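Enquirer: Pasting the sequence and the predicted model now:
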Amino acid sequence: MSPNPSPNRVLVTGAAGRIGRAVVDALHARRVAVTALVLPGTPCPADRVVEGSVCDAATVRAALAEVDGVVHLAARPAPHRGTPYEVFGENTLGTFTVLEEAGRAGVRNAVVASSLAANGLPFAAEPLSPAYVPLDASVPSRAEDPYALSKLADEQTAAMMSRRHGMTVVALRYPFVGGFAERLDEHARKVAADPALGAADLWSYLETRDAARAAVLALRVEGGSHVFHVAAPHTLAPYPTLDLLRRFHPTTEIRADLPGRTTPLDLGPARKLLGFTAEHVV
C-alpha cells in the first residue's frame, strides 16, 4: 500500500511542548505549513498560531481552517499535573474534541500522542510487571491512575473516530522522550546507577527528533486506526535486557529473543507501516 501524500497544512496541538516544538520544526523542514494551537500567551514559531483550549470546539474549529492533517499532542502529561478529574477529564475531552472537529472538517489523517504509560506501569503506586514482552498494544493494561486511563480512552476514541468519520488515526505510544543534553543523558546516568528507576518504562526511550519524525511519518498512513509503540531499538540501561527483565520483572513471559540491550517493546508494526526506525540513539 502506497502512503498518502504529505499534507499541505497541519494543525499541531500542544505545539509549544517538548515533542510539539520538534514536530513544528520537522514539518517546516519539509515545507509543510503549520497551524499551532497553544494556550494563551505561549510563544510558538508556527506560521499561524491560534490560542485557546483543545477542549473548546469553537477554538478547535477555527484552528482547523485549511488544515488537512492533525497532530494532537496537547495533554496533561502525568497524573500529578492536576487533579485526577482535570487529568482524565481534560485529556479525554481534548482528544474527543480535536478528532470530532477534524472529522467534521474533512481531515483525512490524524496522529494522537498516546503513551507507554497506557499499560499502567510507569505511574503505578507499587511496581507492576507486564504479562509478556516484547510489549505490544495487546498486552492487558494494568492502569490504576488517571493519566494511564486517559491514554487508553484516547486510543479508543481514535478508533471510534476512524469508524465515525472514515479518517486514518494513528496513536503513538511514546516512552520516555527528551534530548540528550536536555534530558536523556542525565536519565541514563541515573538508570545506570540504579536500573530500578527505568523498570516501569522497560528502560525504553526516544530522542525528541525521532518522536517528531514518527508523528510526521504517521500522517501518511492510509486507512483505519492504529496503535504503535515507537522507541529506540536499544534500552537506555547499560545492561543486558534479559538480565534486567529477570531481576525486575521475573513474572513476565519472554516471548522473543532479546539480545544485548534490545528494547523489550514490539517496534515491528511502526517499522513496517510507518517505515520508522529511531536514528538518534545512545
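Expert: Now that the structure is in, tell me what you want to look at.
Enquirer: shouldn't L99 be in contact with A110?
Expert: Yes. L99 is within contact range of A110, at 6.0 Å (criterion: CB atoms under 8 Å). The C-beta positions use only the backbone N, C-alpha and C, and glycine is treated the same way.
Enquirer: Identify each buried residue in the helix or strand E100 falls within, please.
Expert: Element membership for E100, per DSSP states H and E: helix 84-104. Neighbour-count burial for helix 84-104, counted by 16 or more other CB atoms under 10 Å, picks out 87-103.
Enquirer: now stretch 243-262
Expert: Those would be L244, L245, F248, H249, T252, L258, R261, T262, for stretch 243-262 by 16+ other CB under 10 Å.
Enquirer: Among the residues you listed, which lie within strands?
Expert: Judged by DSSP state E, these include no members of strands.
Enquirer: And V170, how close does it get to D68?
Expert: Distance, V170 to D68, using CB to CB, to the nearest Å: 15 Å.
Enquirer: next one: P79
Expert: Applying CB to CB to P79 and D68 gives a distance of 34 Å.
Enquirer: ditto for R173
Expert: 25 Å.
Enquirer: what's the answer for R9, then?
Expert: Applying CB to CB to R9 and D68 gives a distance of 6 Å.
Enquirer: what's the answer for D266, then?
Expert: Applying CB to CB to D266 and D68 gives a distance of 30 Å.
Enquirer: overlap in contacts of L99 and A110?
Expert: V70, H72, A158, M161, V169 (CB atoms under 8 Å, 6 or more residues apart in numbering).
Enquirer: Of those, which is the nearest to A181?
Expert: H72 (27.7 Å; CB to CB).
Enquirer: For that closest one, give me phi and psi.
Expert: Dihedral pair for H72: phi -100, psi 110, per degrees, to the nearest 10.
Enquirer: quick one: it and T13 touch, right?
Expert: Yes. With contact defined as CB under 8 Å, H72 and T13 form a contacting pair (4.9 Å).
Enquirer: who touches both of those two?
Expert: Common neighbours of H72 and T13 (CB under 8 Å, 6+ apart) are V54, G94, V98.
Enquirer: In a markdown table: those, plus pLDDT.
Expert: Below are the shared contacts of H72 and T13 laid out as a markdown table (pLDDT from 0 to 100):
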| residue | pLDDT |
| --- | --- |
| V54 | 98 |
| G94 | 98 |
| V98 | 99 |
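Enquirer: so what's G103 closest to, chain neighbours aside?
Expert: The shortest distance from G103 to any non-neighbouring residue, by CB to CB, 6 or more residues apart in numbering, is to H165 (2.9 Å).
Enquirer: quick one: that neighbour and R104 touch, right?
Expert: Yes. H165 lies in contact with R104 (CB under 8 Å); the separation is 7.4 Å.
Enquirer: Nothing else from me, thank you.
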